[in-house]
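**Student:** A structural model of the following input is requested.
(chains A, B and C)
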Amino acid sequence: MSDPNLLSVLRIAELVGGQVQGDASLTVSGIAPLDEATDRDLTFAADERFAARLAQSRARAALVGPAVQAPGKTLILVADVPAAVAAVLALWDKGHDLPPAGAHPSAVIDPSAKLGPDVAVGPGVVIGRDVTVGAASVLCAGVKLAAGVSLGSACCLAEGVVVRARCVIGDRVRIGPNSVIGHDGFGYFQSGGTHRRVPHIGHVVIEDDVEIGSCCCVDRAKFSATRIGAGTKLDNLVQVAHNVRIGRNCIIAAHVGIGGSVRIGDNVFLMGHAAVRDNITIGSNVQVAALSGIVSDIPDGAAVGGIPARPGRETLRIWQAQARLPDLIRRVRDLEARLASLEQPKDNL
Amino acid sequence: MSDPNLLSVLRIAELVGGQVQGDASLTVSGIAPLDEATDRDLTFAADERFAARLAQSRARAALVGPAVQAPGKTLILVADVPAAVAAVLALWDKGHDLPPAGAHPSAVIDPSAKLGPDVAVGPGVVIGRDVTVGAASVLCAGVKLAAGVSLGSACCLAEGVVVRARCVIGDRVRIGPNSVIGHDGFGYFQSGGTHRRVPHIGHVVIEDDVEIGSCCCVDRAKFSATRIGAGTKLDNLVQVAHNVRIGRNCIIAAHVGIGGSVRIGDNVFLMGHAAVRDNITIGSNVQVAALSGIVSDIPDGAAVGGIPARPGRETLRIWQAQARLPDLIRRVRDLEARLASLEQPKDNL
Amino acid sequence: MSDPNLLSVLRIAELVGGQVQGDASLTVSGIAPLDEATDRDLTFAADERFAARLAQSRARAALVGPAVQAPGKTLILVADVPAAVAAVLALWDKGHDLPPAGAHPSAVIDPSAKLGPDVAVGPGVVIGRDVTVGAASVLCAGVKLAAGVSLGSACCLAEGVVVRARCVIGDRVRIGPNSVIGHDGFGYFQSGGTHRRVPHIGHVVIEDDVEIGSCCCVDRAKFSATRIGAGTKLDNLVQVAHNVRIGRNCIIAAHVGIGGSVRIGDNVFLMGHAAVRDNITIGSNVQVAALSGIVSDIPDGAAVGGIPARPGRETLRIWQAQARLPDLIRRVRDLEARLASLEQPKDNL
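**Tutor:** Okay, the predicted model is just below:
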């Protein structure tokens, strides 16, 4: 019986628009990195730096960028290796066991909700009053959409996602399991020695093509909206506080925390565990290192890091200098002693 | 048709106990910050520092503190602007689409559970043996209360909250979606090269008026109770380990982690991503900066920051000095060269 | 009526294999630390350092290690106090209100799923196509197992746990409420100024005896598997990215984030909020301090800390030196002035 996963190098090359060097009839049944590939896998090497490891890989075929040589291997030359790898991965992607179009009988759907064609509603899903869901969106088991939520088309909300009242989500948005959109922001005022909650009458707007990981929290706004711009991606366990506005095509890594009313431009990259203080403005095309603490505004194009965050080059110099600090203290002590000795009056001669 | 959201300045002034300067018959349909307000919004300015931005705001009416002037605007003078803003926000608060009093037919409620009057039980809620729920508490869709849980009155547990066995929660407690109360603490002992779990026979006590955000984790105690004091507020993604005791009216920001058996006094403010090592004692009225690491006890009234945390002023001085460290190394090298030159014997003259 | 919790010191000593000094007929009804115990509790003291606090404890009986003296107390001498405490805690452990064997009628179980004997399926559980669950495993309320998941025997998945398609979980694995296993990794490639998702066709393998806390996220692999080795324990809110491989018997504290394709050996201890950059290799028997940032490979047996992480002793010296940095700047300025004064020509005499 033939393996349904078997694909020829020729067919893969056609798919990715690549050029074959070697045996185009060779077949592979999967794709794996250089060091993990078996002789039945396709592997990949983005550029010449990987040539030695490609030569040693057990794979017999590889997707390669221009100028990568590998005698004895069958190569598929492509201009953009990451894009080609993604396209090839999709060939073997078995997906996530999403519910089929239609509503599972255990779902609880308010009669006023409007579901577009081919919407899939999994077991235990709860859909409140006046919710709208666009065509072909998928709500996995246990998703809860509260009253007035508007969800676009071709979205995929994974198991256990909660979207609270009146939040607005665009098209092709993906949200990972157990993430929470639209809970109250963390806003209190002091009154008689106690903290009293500020009502949060705003909501959350998530634009098209946003993707959010697992166990993220995006709080609703005190006024108007907390907003995540089109194409922005959040990893897991990310905190987005009330009234934050994030631009387009940002990348926000796991455990990042963004304080209330922060403004972030487009194409910003916040690495893991970075924390941004309330009311800060971060420009576009900014890179923020992991574990940084942003306590002042960051201009467009800056690369910053450290606690408090400084320009990345400066932070690197400080980090390097820190390692020499204990020695420096010793050297200063030594200088002080030698200088004191020079300063001693020598007129007793 | 009249806009049901329209309210006169007069009515708002009466609500907040304020004094009107200007046109008390002016109507507004919302409230927004200075820079976001339209001419149909009420805005607000706490003190004179905001006078210039108030003058430029499109809002025609504002809640203001004493001594704020704004020619041409209608003002409502109040003593406490944040309290007045919160009261006004409540006017337009559409709420969270909570389930109505009574139990949704899809809820699974053990017959031994005792639910007070006007308790609301949403779809898919699970209530175990011997649970008690006080009057008018709300359990949103998918809440799970395990056996023996005691929940007070007027609480609101959002979608997906899990409270494990025998935890005790007071009155007016609010818990955000997908937070977890009472899972086992992280306690192991070594035995034959493996980690063996220590049973956690304690529980969690959450006192009155505590509010907890989304995706928080409060672990049950090994012995007796993990305790969160009355009026304390937790933001999202906060970790409270086993046997922690937090006092009253604390504010604990997102991503804070509190290690096992930590003691925290009253009115403590832990900012984002702060981490507190096991067994530490933090006094009352302490402020802990974001991204700090607390590795020793902190006395009452201290303001600390840094890794490891030090008094805040000291940490600020260190941060400022760090920026000069690379230059300092150069200066010491220069001093050493000049001093060596002075030390050279000059008797060859 | 006799208290069912009452146990004699003799019976406890037999259970833990200890030797009684004092009144073996004394009864206790609980166990508590030295400072919290009442006269009805057993307490414990691992070694002589706790002798003074034991003398002052209200407890009349104690589990003690060799050479601990406490005149007037009844003692149970044991070789391993933590193990004995764990065994005694288990005596009073009332457990977690787990569902009984069998499937709750509200569970949604695909007919193709294979459940072993004595499997317990709680309310609202969802089990997809071709899932297998081993004997005596427990799925608490609201657990969701997607298609093709394989779960071993004697596992316990707490309320709200999500395991996505085709993940493989061993025996005796415990996962805390609302944790997420097997969502897509955070992998994108740039294309035309936008981020495009890389399909993640791998899965997650969790080996035997792993324990995972609440609200953790373990992402599925891009290729092959993300793997957590046997006996490893994760606290709450931990992030494990795609293609990570963690060895055996590691301890990973709350808020730790582990970047993509990181390799971690055996017996590694990552303390709270530590962050590990993508593609790093950490050896075995490594200790990583809280709030550290790992940006380069760490050899076997190292103890590291700081941002960026350095050997622990070096980091401690830097931390101590930092406190002296502001003073050091002043001292260097003083040296410069004094040296300049010495360098002045004095030949005008």
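
**Student:** what are the ranges of the helices in the stretch 201-349 of chain A?
**Tutor:** Secondary structure of the stretch 201-349 of chain A (DSSP state H, counting those that start in this stretch): helices at A:312-323, A:325-343.

**Student:** in contact with A:L89, which residues are there?
**Tutor:** By Cβ atoms under 8 Å, 6 or more residues apart in numbering or on different chains, the contact set of A:L89 is A:I31, C:V198, C:P199, C:H200, C:I201, C:K222, C:F223. Where C-beta positions appear, they are placed from N, C-alpha and C, glycine not excepted.

**Student:** can you pull the pLDDT of it?
**Tutor:** pLDDT recorded at A:L89 is 94.

**Student:** right, and the helix or strand after the strand or helix carrying it?
**Tutor:** Assigned by DSSP states H and E, A:L89 belongs to helix A:81-91. Next in sequence after helix A:81-91, counting helices and strands by DSSP H and E, comes strand A:102-103.

**Student:** who touches that next one?
**Tutor:** With Cβ under 8 Å, 6+ apart as the test, strand A:102-103 has contacts from A:I109, A:L115, A:V119, A:A120, A:V121, A:V125.

**Student:** strand partners of that strand, parallel vs antiparallel please.
**Tutor:** strand A:120-121 (parallel) (DSSP bridges).

**Student:** let me know the average pLDDT across the partner strand.
**Tutor:** 98.

**Student:** repeat that for stretch A:222-239.
**Tutor:** Stretch A:222-239 shows a mean pLDDT of 97.

**Student:** what's the answer for stretch A:57-67, then?
**Tutor:** Throughout stretch A:57-67, pLDDT has a mean value of 95.

**Student:** quick one: end-to-end distance for it.
**Tutor:** The stretch stretch A:57-67 measures 18 Å between its terminal residues, going by Cα to Cα, to the nearest Å.

**Student:** contacts for that stretch?
**Tutor:** A:9, A:12, A:16, A:18, A:22, A:26, A:28, A:32, A:34-35, A:37-39, A:41-48, A:54, A:68, A:70, A:73-79, A:81, A:84-85, A:88.

**Student:** go through those and flag which are in strands.
**Tutor:** Counting by DSSP state E, the part of the contacts of stretch A:57-67 found in strands is A:V28, A:D41, A:L42, A:T43, A:F44, A:A45, A:T74, A:L75, A:I76, A:L77.

**Student:** hang on, isn't the first one packed against A:L7?
**Tutor:** The one in question is A:V28. Yes - taking contacts as Cβ atoms under 8 Å, A:V28 lies within contact range of A:L7: 6.2 Å.

**Student:** the more surrounded of these two?
**Tutor:** Set A:V28 next to A:L7 and count neighbours by other Cβ atoms under 10 Å in any protein chain shown: A:V28 wins out with 26 against 20.

**Student:** which residues does the more buried one contact?
**Tutor:** A:V28 neighbours (Cβ under 8 Å, 6+ apart): A:L6, A:L7, A:V9, A:I12, A:R40, A:D41, A:L42, A:A59, A:R60, A:A61.

**Student:** what are the buried residues along stretch A:23-36?
**Tutor:** A:A24, A:L26, A:T27, A:V28, A:G30, A:I31, A:A32, A:P33, A:L34 (16 or more other Cβ atoms under 10 Å in any protein chain shown).

**Student:** now these as JSON lines including pLDDT and distance to C:A241?
**Tutor:** As requested, those are arranged in JSON lines below (pLDDT from 0 to 100; distance: Cβ to Cβ, whole Å):
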{"residue": "A:A24", "pLDDT": "95", "distance to C:A241": "36"}
{"residue": "A:L26", "pLDDT": "96", "distance to C:A241": "33"}
{"residue": "A:T27", "pLDDT": "96", "distance to C:A241": "32"}
{"residue": "A:V28", "pLDDT": "96", "distance to C:A241": "26"}
{"residue": "A:G30", "pLDDT": "92", "distance to C:A241": "21"}
{"residue": "A:I31", "pLDDT": "94", "distance to C:A241": "19"}
{"residue": "A:A32", "pLDDT": "93", "distance to C:A241": "18"}
{"residue": "A:P33", "pLDDT": "92", "distance to C:A241": "15"}
{"residue": "A:L34", "pLDDT": "94", "distance to C:A241": "20"}
